[in-house]
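Visitor: Sequence first, predicted model second:
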Amino acid sequence: MQLENYIRDIQDFPKEGILFKDITPLLLHPEARAKCLDALVDLLDQQPIDKVVGVESRGFFFGTLLADRLGAGFIPVRKPNKLPYATISASYALEYGTDSLEIHTDAIQPGDRILIHDDVLATGGTAKAVCELVERLGGTIVQCSFLMELSFLNGSEKLKPHPVAAVLTY
């Protein structure tokens with residue numbers, strides 16, 4: 001089973017000039033979804049994880065599955081004013097604009113071993129902002145995990161020195 005066959009390209013979304021990698025076909029197929037989850041777990045090489053941070057919103061799909069499989073807590077990182085408790089925030093640049101993300105202030109305890117997960121690593125701005133949030137709360141980033149990395153955008157460079165792993169690379 002080739003997971004690439006379950007990723008659909010959408011031209012000019014969300015704006016002209018962007019080739020969007022759509023994971024909804026992957027989510028529709030239980031066997032492909034299970035194979036993808038197994039691959040994400042394998043990328044960790046049995047490193048212990050206390051909490052998985054999932055990035056809104058597509059990072060939630062596999063982030064919660066990873067947390068369950070790893071016996072870890074799950075932490076949603078969301079856009080502003082979506083979380084009900086006290087938060088801290090970080091701003092970031094996307095390939096098509098700017099935004100910010102928030103995390104609950106009590107989500108991470110100093111020394112927690114953290115897996116950050118999102119669907120795509122593009123320019124690295126979003127993941128870098130999440131790394132900043134995790135570190136401000138005292139977490140130790142074990143890995144930044146992605147379904148796909150768009151390597152031609154060099155996003156992994158922004159995440160150094162944190163380990164980056166992806167199931168698929170384009």
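Guide: Nice, thanks for sending it over.
Visitor: Just the element for the nearest residue to residue 162 once chain neighbours are set aside, please.
Guide: Take residue 162 and drop its neighbours on the chain: the residue closest to it by Cβ to Cβ, 6 or more residues apart in numbering is residue 141, 4.8 Å away. Bear in mind the C-beta positions are built from the backbone N, C-alpha and C, glycine included. When elements are defined using DSSP states H and E, residue 141 is found to belong to strand 140-149.
Visitor: so where's this structure uncertain?
Guide: Within the chain, the segments meeting pLDDT under 70 span 94-97.
Visitor: for it, what spans make up the strands?
Guide: Under the criterion DSSP state E, the chain carries strands at the ranges 8-11, 19-22, 51-55, 73-77, 87-94, 97-104, 113-121, 140-149, 164-169.
Visitor: Could you check how far the most centrally placed residue in the chain is from residue 103?
Guide: Among the residues of the chain, the smallest C-alpha distance to the mean C-alpha position (Cα atoms, centre = their mean) belongs to residue 118, namely 1.7 Å. Computed with Cβ to Cβ, to the nearest Å, the distance linking residue 118 and residue 103 is 14 Å.
Visitor: try residue 165
Guide: When distances are taken as Cβ to Cβ, residue 165 and residue 103 turn out to be 22 Å apart.
Visitor: When those two are compared, which one has more neighbours?
Guide: Neighbour totals were compared for residue 165 and residue 103, and residue 103 leads with 25 against 18 (other Cβ atoms under 10 Å).
Visitor: Run through the residues that contact that one.
Guide: If you count contacts by Cβ atoms under 8 Å, 6 or more residues apart in numbering, residue 103 has them with 53, 75, 77-78, 83, 87-89, 130, 133-134, 137.
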